[in-house]
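> here's my sequence, what's the structure:
(one chain, ligands or ions: 1)
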Amino acid sequence: MKILRFQTSIRGPRYGWLHEDRIGEVDGDPFNAFRRLDPDLPIESVQLLPPVRPGKIVCVGRNYQAHAQEHGVEVGDIPVLFLKPGSSLVGPGDPIILPPQSQQVQHEAELAVVIGRRGRWIQPEDAMAYIFGYTIANDVTARDLQRADTTWTRGKGFDTFCPLGPWIETEFDPADALITCHVSQELRQMASTRDMVFSIQRLIAFISSVMTLEPSDIILTGTPAGVGDLVAGDTVSITIEGLGTLTNPVVSEK
Ligand code: MG
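Down below sits the predicted model:
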């Protein structure tokens, strides 16, 4: 099942579900009790929004060996965690805005996990039961500012630096899915999720040993090798096999 959020020119933001190329409304809370209404809206007639409004966006750094190597750092014994603010979220088709403070903004194609149940101290063997579904994220990063600062908050936290979508797939197998990232037709990143250093089960166990995970929280599971610069006029398209494609244009801040 594909769950999304959308709006139209006459109706505000709401949850929906996708059937082929038509969208139906969701009556109720997708994280609790809900009904799917008839899919009567062509997908072209709506604006897709980020498919969830997360309580928190928890991100994992250096979770693919080859990406850590391209930055000359080792993968540690425990995952590197950081947070992105809710204000960084944008939906499918929304522009990534290059801020004037940075000379080097880069894409990071990532599998995003959407949490469906509240939990603390979740054991790895129980972790999959806490997942609502999966979507695609771009952990956009001002690399020069990330390197200049002690924490990654500024480099990772600008408005529009977390494109998410196009929808949440609840029946996705994350064990061996191909992630690709194209920037204006050029293939930049290609890897399988099987190359993650820390599995999704281990990530959920580790993160929930620090903070309570709650329905709608999302976890960005790290990016493979091949990150590269973005310039105004580019279009970034991230595809994850079984999930779809997240596409965003790149513009300069006025
Ligand atoms: Mg990342």
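
> C-alpha only now, for contacts and for neighbours.
Fine.

> what's around the residue in the stretch 151-254 of the chain that the ion sits nearest to, how many residues?
Nearest residue of the stretch 151-254 of the chain to the ion, counting by C-alpha to the ion: G222, 4.5 Å away. By other C-alpha atoms under 10 Å, 27 other residues sit near G222.

> any idea how far it is from L164?
The spacing between G222 and L164, counted by C-alpha to C-alpha, to the nearest Å, is 14 Å.

> how much space separates the residue of the stretch 151-254 of the chain closest to the ion from E241?
Plainly put, G222 is 17 Å away from E241 if you go by C-alpha to C-alpha.

> ok, now T153?
30 Å.

> how far does the lowest-mean-pLDDT helix or strand in the chain sit from its chain's centre?
The weakest-scoring helix or strand in the chain, judged by mean pLDDT, DSSP states H and E, is helix 65-70 (a mean of 81). With C-alpha atoms, centre = their mean, to the nearest Å as the basis, helix 65-70 stands 20 Å off its chain's centre.

> hmm, that helix touching the ion?
No. Using C-alpha under 5 Å from the ion, helix 65-70 stays clear of the ion, coming no nearer than 9.7 Å.

> next SSE downstream of that helix?
Tracing the chain past helix 65-70, the next element assigned as helix or strand by DSSP states H and E is strand 80-84.

> touching the ion at all, that following strand?
No. Strand 80-84 lies out of reach of the ion by C-alpha under 5 Å from the ion, never closer than 9.3 Å.

> starting from that strand, tell me which strands it pairs with and how they run.
Partners of strand 80-84 in the sheet, by DSSP bridges, are strand 57-61 (antiparallel).

> can I get the strand it pairs with in PDB, CA atoms only?
Backbone C-alpha positions of strand 57-61 (Å, rounded to 0.1, in the frame of the first residue of the first chain) are rendered in PDB as follows:
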ATOM      1  CA  ILE A  57      14.100  13.300  11.400                       C
ATOM      2  CA  VAL A  58      16.900  11.100  12.700                       C
ATOM      3  CA  CYS A  59      19.900  10.600  10.300                       C
ATOM      4  CA  VAL A  60      22.700   8.200  10.200                       C
ATOM      5  CA  GLY A  61      26.100   9.200   8.900                       C
END
